[in-house]
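>>> this one's structure only:
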Ligand SMILES: Cc1cc2nc3c(=O)[nH]c(=O)nc-3n(C[C@H](O)[C@H](O)[C@H](O)COP(=O)(O)OP(=O)(O)OC[C@H]3O[C@@H](n4cnc5c(N)ncnc54)[C@H](O)[C@@H]3O)c2cc1C
C-alpha cells in the first residue's frame, strides 16, 4: 500500500487567496500544500499582468505581474509544498474518515486533514483561435494575453475580439504600436462605450463583421507574417501584414471539481455559500477568495486575503480545537525572529 503523508492543510488554487492561505498556514505552523492546475502561481491576475493595481491596502500602484511576484514570494515564506500542472478532480473522505483524499487528473492522491478551496471561478483557459496549426505560433507572435506593452512598441498588431479586454488592449497599445487593427465578427463592439469612443481618437482601425480565416507564416515558418481575414457579409477576403496577433475571445471556465465531487458542498449557481469566517457546509473544508460567498464578501484581492486568514484560523481549530482563534501578529511573532535578523542585516549592510 502506498504511504501518503497527511498534510494539515491542502489549498486548491494558487491565486491570491491560495497564496495568502499558504503564508498564513505557515504562520500558524501547519504542514501545507498548494495544488495549482496552471504551470504557474498567481491565479487570475495573469489575465491582466500589465494593468496597474491600486486597491490593495498598503501597496502603492503596481502592475499585476509585480503583484504576482510579491504574492508568490510571500506565499512561499514557510516553504509549503507546491504542486503545479495538477488539476484536482474530486474530494472524498478516507475510508476510516480521519481525513480527506484529493484525487487529481494525473491519478495522484493527496491526503489532508483540512482543505481550503481557493479555486476562484474555476480553471480559466483562454479560448483558443480555432484554426488548425495556430498553436505553433504561440511561441512567437500569437498571443492570448498582453504581458507587457513594451513588447508591442512600433509593431503592427492585429487584435481579434469585441469585448472589454480587446477594446482595452487596443487603446493601451495604440500610443506605442506602429498600427493597431481591431477585428470582430459582429458589426458592433461590446466594450465600454467610453473605451469604444477612445479607439477612434487613438487611431485604431476597426475591421468589423470580419473573422480571421488563415494565418500565413513568414518565409522561415517561424511566425505569422500575414493574416487572411474574411468579411462575414460579402465573404470577400483581404490580407493584413502584421508583426503580432492578439486573440481576446474570452475564457473557457472549468468548474468540474465542485460539481462532480462526491462530497457535496452547499453552493449557489457559481459560489460556495459559506460563513463570513470562511467555513463551508462541510466541516474541515474551508473556502477563500472569489469562490466564497457570504454577506460581507468583498470581491477584491483584499477580500481574498481576509478570507484566507479566516479559513486558516478555522482549519487550525478544526485540527486542534483548543488552538487560539487567530494567529499572533507578525510584528511580535517569534516565528519571524530569524528572518527579521537576516532582513535587517541586509538592510544595514548597504
Ligand atoms: C480583468 C480583471 C481585473 C481585475 N482587477 C482587480 C483589481 O484591480 N483589484 C482587485 O482587488 N481585484 C481585481 N480583480 C479581481 C481579482 O483578480 C480576483 O478577485 C482574485 O484573483 C481572486 O483570487 P482567487 O485566489 O480567489 O482566485 P483566482 O485568482 O481565480 O485563482 C484561482 C486559482 O485556482 C486554480 N484552480 C481552480 N480550480 C482548480 C482545480 N480543480 N485544481 C487545481 N487548481 C485549480 C486556478 O487555476 C487559479 O489559478 C480583477 C479581475 C479581473 C478578471
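Received the coordinates, thanks. Computed from a predicted structure; not experimentally measured.
>>> residues from the chain in reach of the ligand?
When proximity is defined by C-beta under 6 Å from any ligand atom, the chain lies next to the ligand at 12-18, 35-38, 43-45, 47-48, 53, 55, 87-88, 118-123, 257, 289-290, 299-302, 304. To be clear about C-beta, it is placed using only N, CA and C from the backbone, and glycine gets the same treatment.
>>> I'd like to know which of those are part of helices.
16, 17, 18, 257, 301, 302, 304 (DSSP state H).
>>> and which of these is nearest residue 314?
residue 17 (14.1 Å; C-beta to C-beta).
>>> Touching, the closest one and residue 290? I think so.
Yes. Between residue 17 and residue 290 there is a contact under C-beta atoms under 8 Å: 7.3 Å.
>>> Can you give the distance of stretch 68-76 from its chain's centre?
How far stretch 68-76 lies from its chain's middle: 13 Å, per C-alpha atoms, centre = their mean, to the nearest Å.
>>> And that stretch, what's buried?
68, 71, 72, 75, 76 (16 or more other C-beta atoms under 10 Å).
>>> so what's residue 144 closest to, chain neighbours aside?
residue 126 (3.8 Å; C-beta to C-beta, 6 or more residues apart in numbering).
>>> Please apply the same query to residue 236.
In space, residue 236 is closest to residue 230, 7.2 Å off (C-beta to C-beta, 6+ apart).
>>> Quickly list what that neighbour is bridged to.
Beta-bridge partners for residue 230, by DSSP bridges, are residue 211, residue 237.
>>> mind listing what it touches?
Applying C-beta atoms under 8 Å, 6 or more residues apart in numbering to residue 230 gives the contacts 210, 211, 213, 236, 237.
>>> Can you check the pLDDT for the first one?
Looking at residue 210, its pLDDT stands at 97.
>>> any idea how far it lies from residue 177?
According to C-beta to C-beta, to the nearest Å, residue 210 and residue 177 sit 19 Å apart.
>>> and what of the third one?
When C-beta to C-beta is the yardstick, residue 213 and residue 177 sit 23 Å from each other.
>>> quick one, which of these two is more surrounded?
When neighbours are counted by other C-beta atoms under 10 Å, residue 213 and residue 177 differ, and residue 177 comes out ahead with 23 against 12.
>>> give me every residue that touches the more buried one.
152, 153, 154, 155, 156, 157.
>>> mind checking the SS state of the third one?
Right, the one you point to is residue 154. The three-state assignment at residue 154 reads coil, by DSSP: H, G, I helix; E, B strand; the rest coil.
>>> pLDDT value on the closest residue to it other than its chain neighbours, please?
Of all residues beyond its chain neighbours, the one nearest residue 154 is residue 178 (5.1 Å), with distances taken as C-beta to C-beta, 6+ apart. For residue 178, the pLDDT comes out at 97.
>>> so who does residue 178 touch?
154, 155, 156, 243.
>>> Filter these down to the buried ones and hand me the ChimeraX line.
To isolate in ChimeraX the members of these that are buried, counting by 16+ other C-beta under 10 Å, one can use:
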select :155,243
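>>> Closest one of the contacts of residue 178 to the ligand?
residue 155 (22.9 Å; C-beta to the nearest ligand atom).
>>> from memory the closest one sits against residue 244, does it?
Yes. Residue 155 is in contact with residue 244 according to C-beta under 8 Å; the separation is 5.4 Å.
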